[in-house]
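What follows is a predicted protein model with its sequence.
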Amino acid sequence: MSNVETDPIETRCRARVESAEPPEAPAVEIVTSREVPLGGTRAMRVRRTLPQRARSLIGAWCFADRYGPEDVRDVGGMVVPPHPHTGLQTVSWLFSGEIEHRDSSGVRALVEPGELNLMTGGHGICHSEVSTQATSVLHGVQLWVALPEAHRNADRDFQHHVPGVAHHDGADIRVFLGSLAGMSSPVRTFTPLVGAEVTLAPESAVELDVDAAFEHGVLVDQGPVTVSGTSIAPAQLGYVGIGATCLRLANPSAEPARVVLLGGAPFDEDIVMWWNFVARSHDEIVRFQHEWQQESERFGQVDGYVGDPARLPAPPLPKVRLRPRRRAGR
């Protein structure tokens with residue numbers, strides 16, 4: 001998914017230095033979200049949780065949008081023309097609806113509920129995303145993963161995976177990246193990560209053993225849900241720092257609840273994010289923006305997309321150089 005803001009915030013994400021002795025029971029920090037339009041005046045709107053000033057990264061997870069449920073027959077739906085990416089992987093995960101994905105590596109694929117589509121755009125890639133005519137209600141999350149220095153110029157790639165369902169206490173769990181609840185995903189990532197959908201039955205709770213070396217975020221889609229005793233509302237995220245060996249998720253309501261669990265080893269590199277680029281410096285951002293505007297071969301082209309505009313123009317560059325924005329704990 002593109003960040004289609006006309007004046008995107010330039011974010012410097014600073015690597016965090018953890019204490020040698022993390023707390024035994026890290027507190028749960030509530031991370032709120034903001035509403036962002038996804039395109040023109042009739043386009044759907046999304047709730048953006050990452051990045052923001054208070055919390056830029058969770059492991060290598062650097063971007064998190066939640067959208068819907070929205071009846072796209074009444075709005076413009078998702079129509080995102082070809083747009084570029086560098087230095088990241090995109091993770092598409094739907095709860096309902098269908099999206100057609102096309103990219104400059106020649107892939108055309110459908111994003112469908114319960115199926116992972118992961119695109120790698122290290123050195124450079126571009127893609128389009130359009131909800132299909134078969135879609136009435138569109139609902140899902142779009143996530144980005146920052147690539148580490150050793151792999152940030154990785155070749156274009158696309159992976160598709162349909163995870164099974166693990167039944168664990170009062171929860172149904174689909175692990176789309178990493179390992180959790182005895183299930184593992186075969187999909188390749190470049191840093192240690194976990195990503196899973198967890199659906200909780202009414203008035204139920206589940207305790208999940210997690211890696212103490214990871215920090216975790218619980219993004220609530222349907223709720224509220226309590227995370228280790230702290231209540232998290234829909235579109236909010238509960239953040240838990242390193243040191244936790246177990247996360248207790250509880251659904252106090254009479255309706256099913258659903259969360260997306262994200263986690264990873266703390267990312268030990270500074271990155272700069274602006275628009276759809278992950279870079280290491282302001283000067284790199286300037287170069288990527290120029291190359292996209294000049295239709296450089298770095299990004300290639302998307303075949304088969306029909307729409308106006310034929311490609312998403314980059315916003316104007318910021319008039320000042322970035323100023324470091326320190327991560328929490330620095």
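Yep, that arrived. In this text, all values refer to a predicted model and were calculated from it rather than measured experimentally.

can you pull out the strands in the stretch 1-150 of the chain?
Using DSSP state E, counting those that start in this stretch, the strands of the stretch 1-150 of the chain run over 11-13, 28-31, 34-37, 45-50, 61-71, 79-85, 88-96, 99-103, 108-111, 116-121, 125-131, 137-146.

So residue 90 sits against residue 142, correct?
Yes: with contact defined as Cβ atoms under 8 Å, residue 90 counts as touching residue 142 (7.0 Å). To be clear about C-beta, it is placed using only N, CA and C from the backbone, and glycine gets the same treatment.

got a list of what residue 217 touches?
With Cβ atoms under 8 Å, 6 or more residues apart in numbering as the criterion, the residues that contact residue 217 are 31, 49-50, 58, 61, 64, 237-240, 261-263.

mind checking how far it is from residue 285?
To residue 285, residue 217 is 25 Å away according to Cβ to Cβ, to the nearest Å.

Now render the strands of the stretch 1-150 of the chain as TSV, adding mean pLDDT and distance to residue 158.
TSV is the format used below for these (pLDDT from 0 to 100; distance: least, Cβ to Cβ, whole Å):
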stretch	mean pLDDT	distance to residue 158
strand 11-13	55	25
strand 28-31	96	30
strand 34-37	88	25
strand 45-50	92	22
strand 61-71	94	18
strand 79-85	95	12
strand 88-96	98	10
strand 99-103	97	7
strand 108-111	96	7
strand 116-121	98	5
strand 125-131	96	9
strand 137-146	97	14
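
Nearest to residue 186, out of those?
Ranking the strands of the stretch 1-150 of the chain by proximity to residue 186 (Cβ to Cβ) places strand 116-121 first, at 10.4 Å.

quick one: buried residues of the closest one?
116-121 (16 or more other Cβ atoms under 10 Å).

now stretch 261-278
By neighbour count on 16+ other Cβ under 10 Å, the buried set for stretch 261-278 is 261-264, 266-267, 269, 271-278.

try stretch 232-250
Burial within stretch 232-250, assessed by neighbour count using 16+ other Cβ under 10 Å, is assigned to 232, 234-244, 247, 249-250.

Looking at the residues you listed, which is nearest residue 174?
If you rank the buried residues of stretch 232-250 by distance to residue 174 using Cβ to Cβ, residue 249 comes first, at 14.4 Å.

got the contact list for the strand or helix carrying that closest one?
Secondary structure assignment for residue 249, by DSSP states H and E: strand 246-251. With contact meaning Cβ under 8 Å, 6+ apart, strand 246-251 is reached by 170-171, 198, 200-210, 216, 218, 223, 225-229, 240, 257, 259, 261.

In ChimeraX, select just the buried ones from these.
Here is the ChimeraX selection string for the buried members of the contacts of strand 246-251, based on 16+ other Cβ under 10 Å:
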select :170,171,198,200,204,205,206,208,210,216,218,223,225,226,227,228,240,257,259,261
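
Torsion angles phi and psi at residue 284?
Main-chain dihedrals, residue 284, degrees, to the nearest 10: phi -60, psi -40.

quick one: it from residue 125, how far?
From residue 284 to residue 125 the distance is 16 Å (Cβ to Cβ).

ok, those two, which is more surrounded?
Set side by side, residue 284 and residue 125 show more neighbours around residue 125, with 27 against 16, by other Cβ atoms under 10 Å.

which residues does that one bridge with?
Counting by DSSP bridges, residue 125 is bridged to residue 85.

How about residue 138?
Beta-bridge partners of residue 138, as defined by DSSP bridges: residue 70.

And it, how far from residue 114?
15 Å.

who has more neighbours, those two?
For the pair residue 138 and residue 114, the greater number of neighbours falls to residue 138 (23 against 15), based on other Cβ under 10 Å.

Provide a list of residues in contact with that one.
44, 67-70, 72, 77-78, 94, 96-97, 99, 131.

Please tell me how far it sits from residue 175.
23 Å.

swap in residue 230?
As judged by Cβ to Cβ, residue 230 and residue 175 stand 24 Å apart.

what residue ranges in the stretch 201-330 of the chain score low on pLDDT?
322-330 (pLDDT under 70).

Who are the contact partners of residue 108?
Per Cβ under 8 Å, 6+ apart, neighbours of residue 108: 100-102, 304.

Determine which two of the residues you listed are furthest apart.
Spatially, the most separated pair among those is 101 and 304, at 11.1 Å (Cβ to Cβ).

Neighbour count: those two, which is higher?
Neighbours per residue (other Cβ under 10 Å) separate residue 101 from residue 304, with residue 101 holding more: 21 against 9.

On the strand side of things, show who that one bridges to.
In this entry, residue 101 is beta-bridged to residue 109, residue 129, by DSSP bridges.

show me what contacts it?
Going by Cβ under 8 Å, 6+ apart, residue 101 touches 92, 107-111, 117, 119, 127-129.

Look up the closest residue to the residue most central in space within the chain, ignoring the ones flanking it.
The centre of the chain sits closest to residue 143, judged by Cα atoms, centre = their mean, with a distance of 1.3 Å. Nearest residue to residue 143, sequence neighbours excluded (Cβ to Cβ, 6 or more residues apart in numbering): residue 91, at 4.1 Å.
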